[in-house]
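Visitor: mind folding the following:
(one chain, ligands or ions: 2)
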Amino acid sequence: MPAATPTSSHDPAAARAAPATRSVAVATPGGRYDILIGAGLLQQPSAWSGLPRAAQAVIVSNPTVDALYGHALQQALTPHYGHISRVLLPDGEQHKDWASLNLIFDHLLASGCDRKTVLFALGGGVVGDMTGFAAATYMRGVPFVQVPTTLLAQLDSSVGGKTAINHPRGKNMVGAFYQPVRVVMDLATLDSLPLRELRAGLAEVIKYGPIADAAFLGWIEANLDALLACDRAAMAYAVQRSCEIKAEVVGADERESGRRAILNFGHTFGHAIETGMGHGAWLHGEAVACGMVLAGELSAALGLWPAAESRRLRRLIERAGLPVLAPAMPLERWFELMRVDKKAEGGEIRFVVIEATGRAAVRTAPDALVRQIIAQHSAQHGATENR
Ligand SMILES: NC(=O)c1ccc[n+]([C@@H]2O[C@H](COP(=O)([O-])OP(=O)(O)OC[C@H]3O[C@@H](n4cnc5c(N)ncnc54)[C@H](O)[C@@H]3O)[C@@H](O)[C@H]2O)c1
Ligand SMILES: [Zn+2]
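Guide: Ligands and ions are numbered 1, 2, ... in the order given. Below you'll find the model as predicted:
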């Protein structure tokens, strides 16, 4: 494990020099692929060679990300594909829907794309999830490459093969398991990411500590300032370790019947916040951060995890500038939303709890206890929310 990155002697020029490309191999029953991690990969020819050959490549993005990196990706792909086109989806979680998905299909059909056409998802988790779903279903499946440009997409959504769109009744309710042929993470793209998005991504980095790696949690605590400053070396390690943990977990359980569910730590509460507040009001990572506080407290209240460890997690989340207080929402609404959660079985809500720092399990909890935890950690009506 690398030592804590010193921020005091931080040399911006050195930080901007491209470090060596790191790679993480992901093996799942649905396929094997490599995740490439490094700064400047959009400009590095080796990152783009050896992909499936085809007459056409299609870059799927949104206007925000396309304006920043669309041209660079098109340049990188030019030596490999005779015809490259771009399709832009409206930006935002509220557009992760059928209408946007259809824009991709419309473009593919209008451009005469065949079953070999390779799709490139250039953007955050929204673009990645929709492009993956389009790739899974266009002509019963075409290859696709993830080029995630948000921290959340790099260490979470682009790894593991889950693709989906939202339904008005719930997030990610319609989708498929479908693996990319490669994931290319250019850490330089994080430079343009708004700080709020960076913090939201850090929530998922933090998540990997309590569920799978106690030493990583300590490393994050020691390196949080460097991560918030987007320090290249610290970020490279955080992304790599997160991807390793996610790859190890999904490799063992592609379809989430068992171990994979631990990745949803904080997500039962988090999805309720996201949906309850309206898609887009809370960022996914913000909702998950707050959800982890609740799930940590629940673990402690169930007598599974020391309360001091739950408080430690809460402090780290707070230091990262993430919300630790849930929004005011009627308790019935919480339960209604949590019952729609995909982990719920036969109406029973299942929570990811921490049994020891670095080890998680999935279980049910008495409704009364869950009510108590929510009530204790929610903003009162009319109070200023801790956002
Ligand atoms: N498939 C999975 O396993 C999985 C896991 C976690 C989350 N998700 C999904 O991911 C989505 C959230 O992803 P997200 O947080 O990346 O949100 P996002 O895709 O909406 O991106 C956030 C914002 O940042 C902009 N952006 C992206 N890259 C940028 C860059 N480099 N510079 C400047 N701006 C940039 C985007 O245009 C957008 O406005 C949710 O829909 C969630 O359901 C999926
Ligand atoms: Zn998540």
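
Visitor: for residue 144, phi and psi?
Guide: Note on residue 144: its backbone torsions stand at phi -140, psi 150 [degrees, to the nearest 10].

Visitor: what is the burial count for it?
Guide: Using other C-beta atoms under 10 Å, residue 144 is surrounded by 28 other residues. For the C-beta atoms, the positions are set from N, CA and C on the backbone; glycine is no exception.

Visitor: which residues touch it?
Guide: Residue 144 is in contact with 118, 119, 120, 121, 131, 132, 135, 178, 180, 181, counting by C-beta atoms under 8 Å, 6 or more residues apart in numbering.

Visitor: kindly recompute the last result at 7 Å.
Guide: Counting by C-beta atoms under 7 Å, 6 or more residues apart in numbering, residue 144 touches 118, 119, 121, 131, 132, 135, 180, 181.

Visitor: same question for residue 203.
Guide: Contacts of residue 203 (C-beta under 7 Å, 6+ apart): 285, 286, 288, 289, 322.

Visitor: same deal with residue 20?
Guide: Neighbours of residue 20 in contact, by C-beta under 7 Å, 6+ apart: residue 38.

Visitor: all helices of the stretch 1-150 of the chain, in order?
Guide: Listed in chain order, the helices of the stretch 1-150 of the chain (DSSP state H, counting those that start in this stretch) span 12-16, 63-65, 71-77, 98-110, 125-137.

Visitor: what mean pLDDT does the first one get?
Guide: pLDDT averaged over helix 12-16 equals 43, rounded to a whole number.

Visitor: and of the contacts of residue 203, the nearest to ligand 1?
Guide: residue 285 (6.3 Å; C-beta to the nearest ligand atom).

Visitor: count the residues that sit near the residue lying closest to the closest one once chain neighbours are set aside.
Guide: Ranked by C-beta to C-beta, 6 or more residues apart in numbering and with sequence neighbours excluded, the top spatial neighbour of residue 285 is residue 200, at 2.8 Å. Using other C-beta under 10 Å, residue 200 is surrounded by 25 other residues.

Visitor: residue 200 and residue 325: what is the separation?
Guide: From residue 200 over to residue 325 the distance is 16 Å, taken as C-beta to C-beta, to the nearest Å.

Visitor: one more: residue 300?
Guide: For residue 300 relative to residue 325 (C-beta to C-beta), the value is 17 Å.

Visitor: likewise for residue 171?
Guide: Distance from residue 171 to residue 325, counting by C-beta to C-beta: 21 Å.

Visitor: just to revisit the earlier point, any idea how far the residue nearest to residue 285 is from ligand 1?
Guide: Per C-beta to the nearest ligand atom, to the nearest Å, residue 200 is found 6 Å from ligand 1.

Visitor: can you pull the contacts of that residue?
Guide: Applying C-beta under 7 Å, 6+ apart, we find residue 200 in contact with 152, 283, 284, 285, 286.

Visitor: which of those residues are close to ligand 1?
Guide: Contacts with ligand 1 within the contacts of residue 200, counted by C-beta under 6 Å from any ligand atom: 152, 284.

Visitor: look up the closest residue to residue 113, ignoring the ones flanking it.
Guide: Distances taken as C-beta to C-beta, 6+ apart place residue 56 nearest to residue 113, at 5.4 Å, with adjacent residues excluded.

Visitor: that neighbour contacts residue 81, doesn't it?
Guide: Yes: with contact defined as C-beta atoms under 7 Å, residue 56 counts as touching residue 81 (6.4 Å).

Visitor: state the helix or strand in which the residue nearest to residue 285 lies.
Guide: helix 195-212 (DSSP states H and E).

Visitor: now do that helix against helix 125-137, angle only.
Guide: Compare the direction of helix 195-212 with that of helix 125-137 by axes from the mean of the first three to the mean of the last three C-alpha atoms, to 10 degrees and you get 70 degrees.

Visitor: right, and the helix or strand after helix 195-212?
Guide: Where DSSP H and E defines the elements, the next helix or strand beyond helix 195-212 is helix 214-228.

Visitor: show me what from the stretch 51-200 of the chain comes close to ligand 1.
Guide: 62, 64-65, 68, 91, 93, 96, 123-127, 129, 149-150, 152-153, 156-157, 160, 162, 171-172, 189, 192-193, 197, 200.

Visitor: and residue 309, how close does it get to residue 376?
Guide: Going from residue 309 to residue 376 by C-beta to C-beta gives 17 Å.
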